[in-house]
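Student: I'll drop the sequence and a predicted model, then ask my questions.
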Number of protein chains: 2
Amino acid sequence: MKKIVVKPIGTIRTPYKTHQGMPIQGKFKPGVKGKAILFQKYAKGLKDLGGFSHAILLWHIHKSKEERLLSKPFMEDVIHGVFSTRSPHRPNHIGISIVKIENIKRNVITFSEVDMLDGTPLLDIKPYMAGVDTRENVRTGWAQKHLKKGRLPDRAIHDKGIT
Amino acid sequence: MKKIVVKPIGTIRTPYKTHQGMPIQGKFKPGVKGKAILFQKYAKGLKDLGGFSHAILLWHIHKSKEERLLSKPFMEDVIHGVFSTRSPHRPNHIGISIVKIENIKRNVITFSEVDMLDGTPLLDIKPYMAGVDTRENVRTGWAQKHLKKGRLPDRAIHDKGIT
């Protein structure tokens, strides 16, 4: 099976040294801020990103070495297939987060809606485009009961929301 | 710089042998169908994905070996930083697509909203969750003028829509 090599383009700094207090999705604890610090050589790739309110970050789920094809999502008490969950224990440890851009200075993006651990390797940044990245009439399977419109899921923050 | 190794979990089959006729985003040519064919060993990870209407596919942009920090997006006549575009010529060649799930049988997902070339290596599948993956009050910088609500961008299909 052909292997594909990717490389960090920078590092994500967040207040979350551990999972404690970290939301399972940044949207559920929006006020917390983080920084995406690109290696200097990539800084010019940020040109014009400041015109966008949100970005999609791809990052390496560096704290998991596990691959579980069936697992129990954070919000659930039953097991689901990994590809129907956002479990970190995936065949490829790539995470995605939609974050709100607060400001960009040279090689540093300050953002809110943080759901990564401090020190997470950054792999890519894509502009979030509502006209491209939203869908209507969406069914969300097992997650539907947890994600009622505008309501914070009961268990959306690790360890019951400390910090 | 630490390298990260990822591996295909399957192959994406689409009608697009070349870019001709392929939309820059699947949403702009929604009727076309493709298949995500997982290697058998990953099939059980699809359990319960059928309850979701849409999925986020991560894939290897295998036809680009280039890395351009500044480039001219498909819709534009001016140059932007790569991280404010969806250009394939990125430091890490990882693409993301939101697709509509048509059906799932064993190790095969049939989907619509196709924007990948035939033979594209599949890296990950995540369930699309409207409550998590949508944002409101979004600014889309240089793309705003092309993405007026509900309107197909003039140049959203490669080579003017030949199929």
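Tutor: The structure has been received and is ready for your questions.
Student: What count of nearby residues applies to residue A:113?
Tutor: Counted with other CB atoms under 10 Å in any protein chain shown, the neighbours of residue A:113 add up to 23. C-beta: built from backbone N, CA, C; applies to glycine.
Student: burial measure for the residue nearest to residue A:22 when sequence neighbours are not counted, as a count.
Tutor: With sequence-adjacent residues excluded and distances taken as CB to CB, 6 or more residues apart in numbering or on different chains, residue A:22 is closest to residue A:16, at 4.2 Å. Using other CB under 10 Å as the criterion, residue A:16 is surrounded by 21 other residues.
Student: Quick one: classify residue A:16 as helix, strand or coil.
Tutor: Three states are possible here, and by DSSP: H, G, I helix; E, B strand; the rest coil the one that applies to residue A:16 is coil.
Student: Looking at it now. What's its pLDDT?
Tutor: For residue A:16, the model assigns a pLDDT of 94.
Student: And residue A:76, by the same measure?
Tutor: 84.
Student: Can you pull the phi/psi pair for it?
Tutor: Phi and psi for residue A:76, reported as degrees, to the nearest 10, are phi -110, psi 160.
Student: That one and residue A:143, how far apart?
Tutor: If you measure residue A:76 against residue A:143 using CB to CB, to the nearest Å, the figure is 8 Å.
Student: who's more crowded, these two?
Tutor: Per other CB under 10 Å, whichever of residue A:76 and residue A:143 has more neighbours is residue A:143, with 24 against 16.
Student: remind me which residues of chain A are low pLDDT?
Tutor: For chain A, applying pLDDT under 70 flags the ranges A:1, A:149-155, A:159-163.
Student: Show me where it has its strands.
Tutor: Along chain A, counting by DSSP state E, strands occupy A:4-6, A:10-13, A:33-38, A:54-60, A:70-71, A:80-81, A:94-105, A:108-112, A:120-127.
Student: right, and those strands - which one's nearest chain B?
Tutor: When the strands of chain A are compared by CB to the nearest CB, strand A:80-81 sits nearest chain B, at 3.2 Å.
Student: Off-centre distance for that closest one?
Tutor: Here the centre of strand A:80-81 is set off from its chain's centre by 20 Å, with CA atoms, centre = their mean, to the nearest Å.
Student: Show me the contact partners of that strand.
Tutor: Residues outside strand A:80-81 that contact it (CB atoms under 8 Å, 6 or more residues apart in numbering or on different chains) are A:69, A:70, A:71, A:72, A:73, A:142, B:44, B:45, B:46, B:47, B:48, B:49.
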